[in-house]
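Peer 1: Dropping the sequence and predicted coords here.
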Amino acid sequence: MKFRNWIILAAAIYTIGFIFGLVVHSSWLNSQIQDLANSASQARTLSTFGLFLFILRNNLTSLLISFVLGPVLLIFPVLSLFENGAILSLVGLDVTRSVSVWVFLAGILPHGIIELPAFVIGAAASMSFSFTLLRAILNKGHRPEIESSFRQNLMWLGIAGLMLVPAAFIEAFITPLAIKAAGG
């Protein structure tokens, strides 16, 4: 499958998670949001540069874990995409109801324009390589594809990782200003 199709699949899984978050309110999602809130309260004690490093480390770690654990039946990248989409929609509903849609958009758009595509590209790379690896395990005839798939998807993973640097910078330095300007 072409990498573009993996990106479409990753974006579709994220979108399904987003819709799920709008429609279904589960204790599992609420616990994920509570974990996110705990991380956010930890991050508030950091300097702006420390916050940048914290965000970057968390995002890069998530990307790498997805790639490394992806071959376990593709569960981690699929679950990660779905969960992040659901969490974004639940947070969006909460912020929109309690503050305003403008504060939510100000809190997501500045960095999300880069971060979301990076996340989708990274998950697509994980799914693509994982699929190749699983197919090669099941059919020896596909084993020669592993090396080229690894290289290609590692390149995409690197691109996604590089995209996370400006996204984390914007999230740490610019997003708080945008939220404040929007009335948050």
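Peer 2: Everything's here; your move. This one's a predicted model, so the numbers in the text were calculated from it and none came from an experiment. Residues are numbered from 1 along each chain as shown.

Peer 1: going forward, measure contacts between C-alpha atoms and count neighbours the same way
Peer 2: Fine.

Peer 1: Figure out how far the longest helix anywhere in the chain is from the centre of its chain.
Peer 2: The residue-count maximum for a helix in the chain (DSSP state H) belongs to helix 101-138. The chain centroid and the centroid of helix 101-138 are separated by 5 Å under C-alpha atoms, centre = their mean, to the nearest Å.

Peer 1: which parts of that helix are buried?
Peer 2: Buried residues in helix 101-138, counted by 16 or more other C-alpha atoms under 10 Å: 101-112, 114-136.

Peer 1: name the helices or strands packed onto it?
Peer 2: For helix 101-138, the elements it packs on are helix 3-23, helix 48-69, helix 75-98, helix 145-173, helix 175-181, judged by 3 or more C-alpha pairs under 8 Å, 6 or more residues apart in numbering; DSSP states H and E.

Peer 1: Save these as TSV, and put in distance to residue 37 too.
Peer 2: Output for the helices and strands packed on helix 101-138, formatted as TSV (distance: least, C-alpha to C-alpha, whole Å):
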stretch	distance to residue 37
helix 3-23	17
helix 48-69	13
helix 75-98	10
helix 145-173	16
helix 175-181	16
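
Peer 1: Figure out which of the ones you listed is closest to residue 41.
Peer 2: Nearest of the helices and strands packed on helix 101-138 to residue 41, taken as C-alpha to C-alpha: helix 48-69 at 11.1 Å.

Peer 1: now the helix or strand bottoming out on mean pLDDT in the chain against helix 75-98, angle please.
Peer 2: Ranking every helix and strand in the chain by mean pLDDT, DSSP states H and E puts helix 27-43 at the bottom, with a mean of 71. Going by axes from the mean of the first three to the mean of the last three C-alpha atoms, to 10 degrees, helix 27-43 is angled at 80 degrees with respect to helix 75-98.
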